[in-house]
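Colleague: 3D model of this:
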Amino acid sequence: MKVIILNGSPKAEGNTATALHEVERVLQQQGIETEWIHVGHRSIHGCIACNKCWDTGVCAFGDIVNELSIKMKEADGLLIGSPVYFASPNGTLLALLDRLFYSNLHTDWTMKVGASVSIARRGGATSTMEVLNKYFLKTNMPVVPSQYWSIAHGTDPGEVNKDEEGMQTMRQLGLNMAFMIKAIQVGLQQFGSPKIQEPLVETHYIR
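Modeller: Sure, this is the predicted structure:
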């Protein structure tokens, strides 16, 4: 069992990383392998809607997005963390996620577990979390809950540790994520995939 962890902060060891490490520590205690990928500092092009991925199965830019697509085939879950930029995730992270999820719309990620973490100085954390979670909800990926929204607060590096409720929320997120991965594996073995066995229907409102 394995979870890919995406740090969407430009800072490799900032508050976003601290919160993600808290979740990761619990995942590892629960026997879940993790792979950490820092993406927030990279130069990542946004999606240009060329739709080449629909023909080739890979993004035309051929960068870390395609590397992540390969890793996701073997992963059981994806944990994404981002700082809050104007009440939304880091733009670099969004560029990556747009291309990663769009280029894999025809890849079956059904029942791979998704979780998000957002870190703010003050406001915008819940709206950031909602943006991240919508990628999972579009892709048949169950979203992991916690005892509160999966947010924490801090400005200077390490300051997030002072948010005791936030860090406890991270630990519960890790426990819930591990439980869901294990429970879903049992369910898939016993009942099979719940993905609908019908041709995809797309309703266009203007034609």
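Colleague: following the helix or strand of the chain at the bottom of the mean pLDDT ranking, which helix or strand comes up?
Modeller: Least confident helix or strand of the chain, by mean pLDDT, DSSP states H and E, is helix 52-56 with a mean of 93. Next along the chain after helix 52-56, taking DSSP states H and E as the criterion, comes helix 64-74.
Colleague: What about the closest residue to Gly31 other than its chain neighbours, how many residues nearby?
Modeller: Leaving out its chain neighbours, the residue that sits closest to Gly31 by CB to CB, 6 or more residues apart in numbering is Met1, at 6.8 Å. C-beta here means a position set from N, CA and C on the backbone, and glycine is covered the same way. By the measure other CB atoms under 10 Å, the count of residues near Met1 is 16.
Colleague: same deal with the one 3 residues further on?
Modeller: Here the neighbour count serves as a burial measure; for Ile4 (other CB under 10 Å) it reads 19.
Colleague: Please apply the same query to Asn140.
Modeller: 16.
Colleague: wait, it sits on Met111?
Modeller: Yes - if you go by CB atoms under 8 Å, Asn140 and Met111 touch, sitting 6.8 Å apart.
Colleague: returning to that earlier point: counting contacts, what elements does the least confident helix or strand of the chain pack onto?
Modeller: Contacting helix 52-56 under the criterion 3 or more CB pairs under 8 Å, 6 or more residues apart in numbering; DSSP states H and E is no other helix or strand.
Colleague: Report the buried residues of it.
Modeller: For helix 52-56, burial by neighbour count (16 or more other CB atoms under 10 Å) applies to Cys53.
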